[in-house]
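# Just the structure for this:
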Amino acid sequence: MAPPTFIDAEDVKRLLTMVELINAIENALRHFSMKEDGGVLQPVRTVLPVQKGFFGLMPAYSEKDDALAAKLVGFYPENKDVATHQAHILLFEPSNGVLKALIDGEVITAMRTAAASAVASKYLANPKSKVLALCGAGTQARSHYQALSVIFDFEQVMIWSRTTTSAKKLAEEIGPKAQVCMTYAEATKNADIICTMTFASKPFLKATYIKRGAHINAVGACRPDWSEIDGALMREAIVYVDSKEAALKESGDVIFSKCEVFGEVGEVVCGKKEAFPEATTVFKSLGLAIEDVVSAKLVYDKYIAERA
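Coordinates of the predicted model:
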């Protein structure tokens, strides 16, 4: 039996484009939320606290995509010299369980998370959105700017980070439309779309810091005891999630606020739930294993096709 194919981060970056990934993630969210036979099988992730971080196991299977995989991911918020997320995806042949590929998961994690926010914003945000606020200036901020720019033509990008140097570096990469802000309130007050991508464990974004009708992609606070969004704002906004089951177990933003979860984004995509583009909305993103699965299969299929 041939050994599994190894696909490294550079090949993932070369093969995976944001446009096709957004389409794949939109379909994955639809299939996940349709809850029909032949759809997606996925448990809530298993997370183990380890030393200064967390280790997660994220398996999923999609019959529609003929894809079976599991992501193994380490999350170490204090990492300085290496990435905070260390991830690999094991892609299997669904018919017999044979391991087909080991794929670097760091790039996929960054891109598929941003692609999910782009899908949510496509349906939930005002389609005329012109001002983007990025709270955080790391890998996810770059990926979110790239993904959201596929859907929207931004005129201003407001950037806030705890580290001003990081914010300035990102602003230089984006160009003249980017502006570094000294406070998160300054960044968010006029934004149409706000992305929170921080390691905050206590809420910082309040209703008084945003304008009515803004859409928020809440990507940080991936633990049940962490929160980025003030409870009052969560209760006032119309809240959507990627997985309701996961949000009620894993999201401090949802758990602490005791907010009502209106629905899953996938339910909006497949027409089961309504979108309200003129209202203040929150997409609480925790990240789904099926997003990793379809991303990995997309990379693998293109990698193999190149060598055919």
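# helix or strand for the residue nearest the centre of the chain, which one?
Nearest residue to the geometric centre of the chain (CA atoms, centre = their mean): Thr113, 2.4 Å. Element membership for Thr113, per DSSP states H and E: helix 106-124.
# Starting from the helix or strand that that helix is followed by, tell me which strands it pairs with and how they run.
Remark: after helix 106-124, the chain's next helix or strand is strand 131-135, criterion DSSP H and E. Sheet pairing for strand 131-135, assigned by DSSP bridges, gives strand 156-160 (parallel), strand 193-196 (parallel).
# Most tightly packed of those?
Comparing the strands paired with strand 131-135 by mean neighbour count (mean count of other CB atoms under 10 Å), strand 193-196 ranks first with a mean of 28. Glycine gets a C-beta too; all of them are placed from N, C-alpha and C.
# Can you give the distance from that one to the centre of its chain?
Centroid separation for strand 193-196 versus its chain: 12 Å, with CA atoms, centre = their mean, to the nearest Å.
# do stretch 284-300 as well
For stretch 284-300, the distance to the chain centre is 10 Å (CA atoms, centre = their mean).
# Could you do stretch 239-258 as well?
With CA atoms, centre = their mean, you get 14 Å for stretch 239-258.
# before we move on, back to that, grab the nearest non-local neighbour of the residue nearest to the centre of the chain.
Gly287 (5.7 Å; CB to CB, 6 or more residues apart in numbering).
# Tell me the predicted confidence for that neighbour.
Gly287 carries a pLDDT value of 95.
# Give the burial count for it, as a bare number.
By the criterion of other CB atoms under 10 Å, Gly287 has 21 neighbours.
# how close does it sit to Ser251?
Between Gly287 and Ser251 the computed distance is 11 Å (CB to CB, to the nearest Å).
# Which neighbours do those two have in common?
Both Gly287 and Ser251 are in contact with Cys222, where contact means CB atoms under 8 Å, 6 or more residues apart in numbering.
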